[in-house]
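**Student:** Can you look at this prediction? I've put the sequence above it.
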Amino acid sequence: MTMNSRFAQTATLSLLTACLLAVPPVTAAHAQTAAAEAPNTASAIAPIQGLYDALKSAQTTGKTAQQRATMIAPAIDRAFDLEAILRRSVGIRYNNLSPDDRTHLLGSFRQFTIARYASSFKPGSNAVFVIKPQTRSNPTGGQIVDTTIGASADNGTPIDYIMTSGASGWRVTDILLDAHISQVAAQRADFGGTLSKGGAKGLADMLDQKTTQFLHD
């Protein structure tokens, strides 16, 4: 959280002095803890900053959906653990898919994810992206990066990213819309019927169709 500048402007010298005197001394252990946590916060935020930078550029200079898709694809690959998201979105049936089915489905899911962003952030969108400077712990593990996307910095929809640290660094494993609606849970409900009827191929075909729709200007 950022310091409230209005407090700093109105506080008296005596109050500031009292506050400073009341702060306990920083021990070596506290300093080591702070030093260890700070890089984690920055590292967890970095993929989201890269994603938002790419979306800003896309909505400014990407004339076509395909151009925007090309611009944001590297940021998507860096920010998201797409396989983990897909696995959780499919659920336990993912374990029964053949390696070929998993590879095919992951490719379709990646293109679908990229195309969805390319369709949403086009010239004229003028979306404003705000990332809070501090992460918070996720109750089930990892960190949460809190952000908003909207017409202005003060009027945005909360979009929070659950970040998990792995071999490739911090990456998104779920997104919370309005701070509580899980994208993974929504996709699991959306994918379930198609998987039951058409299996992995049916789901891949559905994702490919949606990708085509998203990329159609």
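**Tutor:** Perfect, thanks for sending it.

**Student:** Pull the number of nearby residues for N126.
**Tutor:** The criterion is other CB atoms under 10 Å. On that basis, N126 has 10 neighbouring residues. C-beta coordinates here come from the backbone N, C-alpha and C atoms, glycine included.

**Student:** I92 too?
**Tutor:** Neighbours of I92 under the rule other CB under 10 Å: 7.

**Student:** Also the one 3 residues further on?
**Tutor:** Using other CB under 10 Å, the number of residues around N95 comes to 9.

**Student:** Okay, it and R87: tell me how far apart.
**Tutor:** Taking CB to CB, to the nearest Å as the criterion, N95 is separated from R87 by 9 Å.

**Student:** Do I have it right that L203 meets L105?
**Tutor:** Yes - the pair L203 / L105 is scored as a contact, 6.2 Å apart, by CB atoms under 8 Å.

**Student:** Now the common contact residues for the two.
**Tutor:** Listed as contacting both L203 and L105 by CB atoms under 8 Å, 6 or more residues apart in numbering are V90.

**Student:** and the helix or strand containing Q187, which residues are buried?
**Tutor:** Taking DSSP states H and E as the definition, Q187 sits inside helix 183-214. For helix 183-214, the buried set under the neighbour-count rule, 16 or more other CB atoms under 10 Å, comprises 183-184, 187, 191, 194-195, 200, 203-204, 206-208, 210-211, 214.

**Student:** Stretch 55-70 too?
**Tutor:** If you call a residue buried by 16+ other CB under 10 Å, then stretch 55-70 has these buried ones: L55, A58, Q59, G62, A65, R68, A69.

**Student:** Next up, the contacts around the fourth one.
**Tutor:** Remark: with contacts taken as CB under 8 Å, 6+ apart, G62 is in contact with R68, M71, A118, K122, P123.

**Student:** which stretches of this protein have low pLDDT?
**Tutor:** Applying pLDDT under 70 to the chain picks out residues 1-39.
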